[in-house]
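Enquirer: coords please:
(chains A and B)
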Amino acid sequence: MTSLTRLSLTSAVEGLRARTFSSAELTRAHLDAIAAARALNAFILETPESAMAMAAASDERLRRGEGGSLEGAPLGVKDLFCTKGVRSTAGSRILGNFTPTYESTVTANLWRDGAVMLGKLNMDEFAMGSSNETSAFGPVINPWRSSASNRPLTPGGSSGGSAAAVAADLALAATATDTGGSIRQPASLTGTVGMKPTYGRCSRWGIVAFASSLDQAGPLAKTVGDAALLLKSMSGHDPKDSTSLTAETPDFPAFVGKSVKGLRIGVPKEYRVDGMPAEIDQLWATGIEWLREAGCEIVEVSLPHTKYALPAYYIIAPAEASSNLARYDGMRYGARVEGASLSDVYQLTRAAGFGDEVKRRVLIGTYVLSAGYYDAYYLKALKVRRRIADDFDQAFGKVDALLTPTAPSAAFGLGENSADPIAMYLNDIFTVTVNLAGLPAISVPGGLDSQGLPLGLQLIGRALDEATLFSLAGAVEKAAAFTARPEQWW
Amino acid sequence: MAIDVDTVRKVANLAQIREPDDRLEALAKELSGILQWIEQLDEVDTTGVAPMTSAVAMPAPMREDVVTEGGDAAAILANAPATRNGFFVVPKVVE
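Expert: Numbering: from 1, shown residues only, chains lettered A, B, ... in the order given. Predicted coordinates:
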């Protein structure tokens, strides 16, 4: 039933409600596609039995004319979300066979609305990476291949499993998380739509913590409308997360397709960086034209501290990570390596359980927080963070949203950037600013490069103004008419 | 600032991660490279700038100081590497 996996989430939900097909049929079609796509390594854990049970329960509700906004729709879940009774790894060895006895708020919201879980999706270890190569379960392979060669490409990271699964039609949509670009960069590299909402829009409760002041959950989907539908279900105030916002969740899907006439769009000149491929610059110019033709007014703006966002991030995120990851001590859950003393157990457990990139970041974080360096590094980074947030505040005094490229390159080869940490960090150059400022942003496919690989455009909005972003992203989607699909080789 | 092998050893110890001696040199080089790249932040004038400690412009919410959950010892112990009689089993701390 290939055709069922080709559906958008929105049309699948409509078809289920009209009882054109059942959730059991739809779910089975996706499970078959997953079983045939193991070469992509998108899933860490497939849960076919519980998926079919959830589908049967959905069919029963649909038969009675009941059911929520996602009733019967099979989705994938990034393995950073704790799922009750289903092993959750965060892409790390250190969690061992950790099987949560509770459900994350975001996934609980999805099940409340009737969604069906297909399994847990691969990711960079603790969401630290931009290529999925830091996963303890091996890298995800991008379903897209260059027209020039068959070498395996990265789907991006850290939500690489989510992006690859959606791009390869293994799930109607997927949950993901974004700390520095981990939803938007993979979306750009796989021709999918990914939104990082405003910090606090989605509860972080039950999501394995990386950098708590930056982490935010969001959807990865096939269309802008699908992303809006999924985000609406994921969002909402949660008293269990003290940073969860009390704002009402708007009816996001209603904003897709709305006119964007008269909106002012800022083009930040600092996002024109050295060494960026001409094709990305060109796509950016095309995106500007699309929005102009849709009736937007284009305004050049300046975000002068843009170049300092990545170095500030690589103090703040590792500092928070070193603190968050202190909990992995081999005592209460996860893997334990026995040793002669308590300190031995700690040190051997963490040496065996963490991969190289995680260790690197924990060490950096520990260093910048240690006595004598706190002011020079950590405090300085928090002040620069304020400057970056102020830049956005000033820009949003003049414009309603910003348009930029999502990533500085198309999908690159596995192993290509893994030798040099800084080269890998530069992948997030256009996305990380938004995490520091706590703002929403969405990546939409804009077109293909000369090698036939997808490139994304990013729209950045005011805090809590995802609705305008969905309207603008809808306009870009319509103008781009992006219908390209990866040729099935797996 | 360049980080030397002794500093890496000290930081790894603070972070409770055992790093073999033959890894320290390479780690020192990697971490120094990252920190030198980070030091471009010194170009930014942050005089009088208040550090941004939260991504949300909202005060921390208050709640009633009451017990909201508990009595879940079995669930809490469910993933422990070692338990006995409803307790975590950990290495001996006091000799």
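Enquirer: ok, now which ones touch the residue nearest the centre of chain B?
Expert: Central residue of chain B (Cα atoms, centre = their mean): B:A15, 7.0 Å from the mean position. Listed by Cβ atoms under 8 Å, 6 or more residues apart in numbering or on different chains, the contact partners of B:A15 are A:S322, A:R350, A:V362, A:L363, A:T366. To be clear about C-beta, it is placed using only N, CA and C from the backbone, and glycine gets the same treatment.
Enquirer: pretty sure the third one contacts B:E19?
Expert: Think A:V362. No. At 11.1 Å, A:V362 does not count as touching B:E19 under the criterion of Cβ atoms under 8 Å.
Enquirer: so for the two, which sits in the more crowded spot?
Expert: Using other Cβ atoms under 10 Å in any protein chain shown, the more surrounded residue of A:V362 and B:E19 is A:V362, with 28 against 19.
Enquirer: okay, and that one sits in which element?
Expert: Using DSSP states H and E, A:V362 sits within helix A:356-369.
Enquirer: what about that helix, near chain B?
Expert: Yes. Interface with chain B: helix A:356-369 contributes A:K359, A:R360, A:V362, A:L363, A:I364, A:T366, A:Y367 (Cβ under 8 Å from any Cβ of the partner chain).
Enquirer: find the nearest non-adjacent residue to A:K380, please.
Expert: The spatial neighbour of A:K380 that comes closest, neighbours along the chain excluded (Cβ to Cβ, 6 or more residues apart in numbering or on different chains), is B:L41 at 5.5 Å.
Enquirer: that neighbour belongs to a strand?
Expert: No. Applying DSSP: H, G, I helix; E, B strand; the rest coil, one finds B:L41 to be helix, outside a strand.
Enquirer: that one and A:K307 touch, don't they?
Expert: No. Using Cβ under 8 Å, B:L41 makes no contact with A:K307, being 10.2 Å away.
Enquirer: between the two, which one's more packed in?
Expert: The neighbour comparison of B:L41 against A:K307 (other Cβ under 10 Å) goes to B:L41, with 20 against 15.
Enquirer: which parts of chain B are strands?
Expert: In chain B, the segments counted as strands under DSSP state E are B:83-84, B:87-88.
Enquirer: again but with the stretch 301-450 of chain A, I slipped
Expert: With DSSP state E, counting those that start in this stretch, the ranges of strands along the stretch 301-450 of chain A come out as A:401-405, A:441-448.
Enquirer: out of those strands, the one nearest chain B is which?
Expert: Proximity to chain B (Cβ to the nearest Cβ) singles out strand A:441-448 among these, at 13.5 Å.
Enquirer: packing partners for that closest one?
Expert: For strand A:441-448, the elements it packs on are helix A:184-190, strand A:193-196, helix A:224-234, helix A:278-293, strand A:454-461, helix A:466-480, judged by 3 or more Cβ pairs under 8 Å, 6 or more residues apart in numbering or on different chains; DSSP states H and E.
Enquirer: the last one and chain B in contact?
Expert: By that I understand helix A:466-480. No. Using Cβ under 8 Å from any Cβ, helix A:466-480 never reaches chain B; the gap is at least 15.1 Å.
Enquirer: mean confidence for that helix?
Expert: The pLDDT scores in helix A:466-480 average 98.
Enquirer: cool, and the second one?
Expert: Summarised as a single mean, pLDDT over strand A:193-196 is 98.
Enquirer: and residue 37, what does it touch?
Expert: The chain I'm using is chain A. So A:A37 contacts A:P143, A:A168, A:L170, A:W490 (Cβ under 8 Å, 6+ apart).
Enquirer: if you could check chain B rather than the one you did, that'd help
Expert: A:P311, A:Y314, A:I422.
Enquirer: closest to chain B out of those residues?
Expert: For the contacts of B:W37, the nearest to chain B is A:P311 (4.5 Å; Cβ to the nearest Cβ).
Enquirer: for the closest one, report the pLDDT, please.
Expert: pLDDT, read off for A:P311, is 97.
Enquirer: isn't it right up against B:E43?
Expert: No. A:P311 is not in contact with B:E43 according to Cβ under 8 Å; the separation is 10.0 Å.
Enquirer: who has more neighbours out of those two?
Expert: Neighbours per residue (other Cβ under 10 Å) separate A:P311 from B:E43, with A:P311 holding more: 25 against 10.
Enquirer: quick one: the more buried one and B:I38, what's the gap?
Expert: Distance of A:P311 to B:I38, given as Cβ to Cβ, to the nearest Å: 4 Å.
Enquirer: counting neighbours, what do you get for residue 18?
Expert: Went with chain A since none was named. A:A18: 9 neighbours (other Cβ under 10 Å).
Enquirer: not what I meant, chain B
Expert: So B:R18, with other Cβ under 10 Å, has 18 neighbours.
Enquirer: cool, A:E60 as well?
Expert: If we define neighbours as other Cβ under 10 Å, then A:E60 has 12 of them.
Enquirer: please identify the helix or strand for it.
Expert: With DSSP H and E as criterion, A:E60 is part of helix A:48-63.
Enquirer: and that helix, what's its mean pLDDT?
Expert: 98.
Enquirer: need phi/psi at the nearest residue to A:K222 once chain neighbours are set aside.
Expert: Leaving aside its sequence neighbours, A:K222 sits nearest to A:S8 (Cβ to Cβ, 6+ apart; 5.2 Å). When read as degrees, to the nearest 10, the backbone of A:S8 gives phi -80, psi 160.
Enquirer: gap between A:S8 and chain B?
Expert: From A:S8 across to chain B, the span is 32 Å (Cβ to the nearest Cβ, to the nearest Å).
Enquirer: quick one: residues contacting that residue.
Expert: Taking Cβ under 8 Å, 6+ apart as the test, what A:S8 contacts is A:L172, A:K222, A:T223, A:G225, A:D226.
Enquirer: most widely separated two among these?
Expert: Greatest spatial distance in the contacts of A:S8: A:L172 and A:G225, 12.1 Å, computed using Cβ to Cβ.
Enquirer: neighbour count winner among the two?
Expert: Set A:L172 next to A:G225 and count neighbours by other Cβ under 10 Å: A:L172 wins out with 32 against 23.
Enquirer: excluding sequence neighbours, find me the nearest residue to the more buried one.
Expert: A:L172 sits nearest to A:L9 (Cβ to Cβ, 6+ apart), 4.3 Å away.
Enquirer: contacting residues around that neighbour?
Expert: Per Cβ under 8 Å, 6+ apart, neighbours of A:L9: A:L70, A:A73, A:L172, A:A173, A:A221, A:K222, A:T223, A:D226, A:L229, A:L230.
Enquirer: any idea how far chain B is from it?
Expert: For A:L9, the distance to chain B - Cβ to the nearest Cβ - is 29 Å.
Enquirer: also A:D238?
Expert: 11 Å.
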